[in-house]
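>>> Predicted model follows, preceded by the sequence.
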Amino acid sequence: MVDRRTFIAGSAAAADAASSGGGASARDNPIPQRKLGRTNEMVSCIGLGGAHIGRVPDAAASARLIHAAIDRGITFLDNSWDYNDGKSEEWMGAALAQGGYRQRVFLMTKVDGRDKATATKQLDESLRRLKTDRLDLWQFHEVVRSNDPTRIFAPGGAYEAAVEAQRAGKIRYIGFTGHKKPAIHLEMLALAEEHGWTPDTVQMPVNVLDPHYDSFVRQVMPELVRRDIGVIGMKTFGDPHIYDAVTKAKLATPQEMLRFSLSQPTSVVVTGINTTELLDQAVAVATDFAPMTEAEMSELLERTRPLGITGQHQMMKIGFEFDSTHEHPEWLGPGGEQGLIPGQ
């Protein structure tokens with residue numbers, strides 16, 4: 001694990017580089033863009049979360065919000081095969097099919113299936129729902145079980161489905177996600193290396209409480225930066241456990257919380273947006289973004305340390321409400337009920 005001083009200095013330096021490199025100008029696109037790891041793709045530093053976009057009143061409201069986000073400069077769109085029983089993909093697909101919006105975004109979705117057949121079936125369903133013939137990024141979702149890495153890379157596993165889909169032109173890039181234990185992410189990276197594969201992206205929690213307890217930012221992020229893997233941050237607000245705890249204690253504002261995530265060496269921070277007000281907040285923080293200084297980050301971490309060290313507000317790590325396959329192990333495919341999620 002990196003020590004606290006190295007973490008603060010490294011995060012600030014990486015964010016400085018990310019915020020200044022290569023993106024569209026503010027005149028052309030008010031939201032800064034960052035390079036997605038070694039892919040050379042440029043994406044908005046803020047991404048639109050797929051789970052929340054399926055929680056608005058109806059498809060028309062969802063389309064209006066998606067269109068507004070893209071018009072204001074958000075180019076990275078997040079989704080998953082299982083979000084809102086497929087509704088998130090269906091609504092996003094309908095919105096992107098209008099007015100050439102699909103051509104303006106970098107579209108990502110995720111897959112639950114751990115075997116090749118289940119993963120391939122879910123990919124085809126995602127493509128149909130999203131009304132596209134190719135995904136920009138496909139990620140193995142919820143790598144949270146101790147045996148998920150071995151199942152994904154086993155003969156006949158989901159990794160084979162991803163390689164085959166990439167060769168067929170159905171997907172461009174491949175990554176994985178998870179929010180439970182940094183050790184599982186590190187195991188996934190180790191097995192990937194054994195198979196001669198470097199993920200294009202890794203999605204993980206990045207928030208003001210994470211550095212204090214079983215930290216992805218401290219344990220996993222240095223490995224991703226070293227390998228030039230695109231870091232996709234999530235759970236800035238903990239949907240909404242971290243937000244509720246931090247703001248109730250008046251330890252940080254929502255703007256500071258989002259700025260903290262953007263100040264890490266992230267390529268993009270996916271945030272839940274299901275109202276115009278939340279869109280306004282995300283765009284404002286991104287547009288005015290300046291990386292936190294070492295002093296600012298140190299002071300913020302001191303403020304949040306008492307709340308963070310117990311882990312009790314980081315429900316994605318210690319509870320099951322964010323583990324969709326805990327309730328539906330069948331989504332993983334045959335044998336999905338095998339393999340414990342830490343905490344069971």
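Nice, I can see it.
>>> which of the residues in the helix or strand where Pro222 lies are buried?
If you go by DSSP states H and E, Pro222 is part of helix 221-227. By neighbour count on 16 or more other CB atoms under 10 Å, the buried set for helix 221-227 is 221-222, 224-225. Every residue, glycine included, has its C-beta placed from N, CA and C.
>>> What pairs with the helix or strand where Gly233 lies, parallel or antiparallel?
Under the criterion of DSSP H and E, Gly233 resides in strand 230-234. If you go by DSSP bridges, strand 230-234 pairs up with strand 201-205 (parallel), strand 268-271 (parallel).
>>> Now do whichever helix or strand comes after the last one: which elements does it pack against?
Counting by DSSP H and E, the next helix or strand C-terminal to strand 268-271 is helix 276-287. Counting contacts by 3 or more CB pairs under 8 Å, 6 or more residues apart in numbering; DSSP states H and E, the secondary-structure elements packed against helix 276-287 are strand 46-48, helix 59-71, helix 254-262.
>>> now the stretch 201-344 of the chain, which segments are flagged as low pLDDT?
344 (pLDDT under 70).
>>> And the strands in the stretch 101-250 of the chain?
Shown for the stretch 101-250 of the chain, the strands assigned by DSSP state E, counting those that start in this stretch span residues 106-111, 135-140, 171-177, 201-205, 230-234.
>>> Show me the one of the ones you listed that comes nearest Glu125.
Nearest to Glu125 among the strands of the stretch 101-250 of the chain is strand 106-111; the distance by CB to CB comes to 9.7 Å.
>>> still on that earlier bit, just name the most buried of the strands paired with strand 230-234.
Mean neighbour count (mean count of other CB atoms under 10 Å) peaks for strand 268-271 among the strands paired with strand 230-234, with a mean of 28.
>>> contacts for it?
34, 36, 43-49, 76, 78, 203, 206, 230, 232-234, 236-237, 258, 261-262, 278, 282 (CB atoms under 8 Å, 6 or more residues apart in numbering).
>>> re the thing from before, would you convert the buried residues of helix 221-227 into JSON lines that also reports distance to Glu302?
Output for the buried residues of helix 221-227, formatted as JSON lines (distance: CB to CB, whole Å):
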{"residue": "Met221", "distance to Glu302": "20"}
{"residue": "Pro222", "distance to Glu302": "22"}
{"residue": "Leu224", "distance to Glu302": "26"}
{"residue": "Val225", "distance to Glu302": "24"}
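>>> which one of those is nearest Phe320?
For the buried residues of helix 221-227, the nearest to Phe320 is Met221 (24.7 Å; CB to CB).
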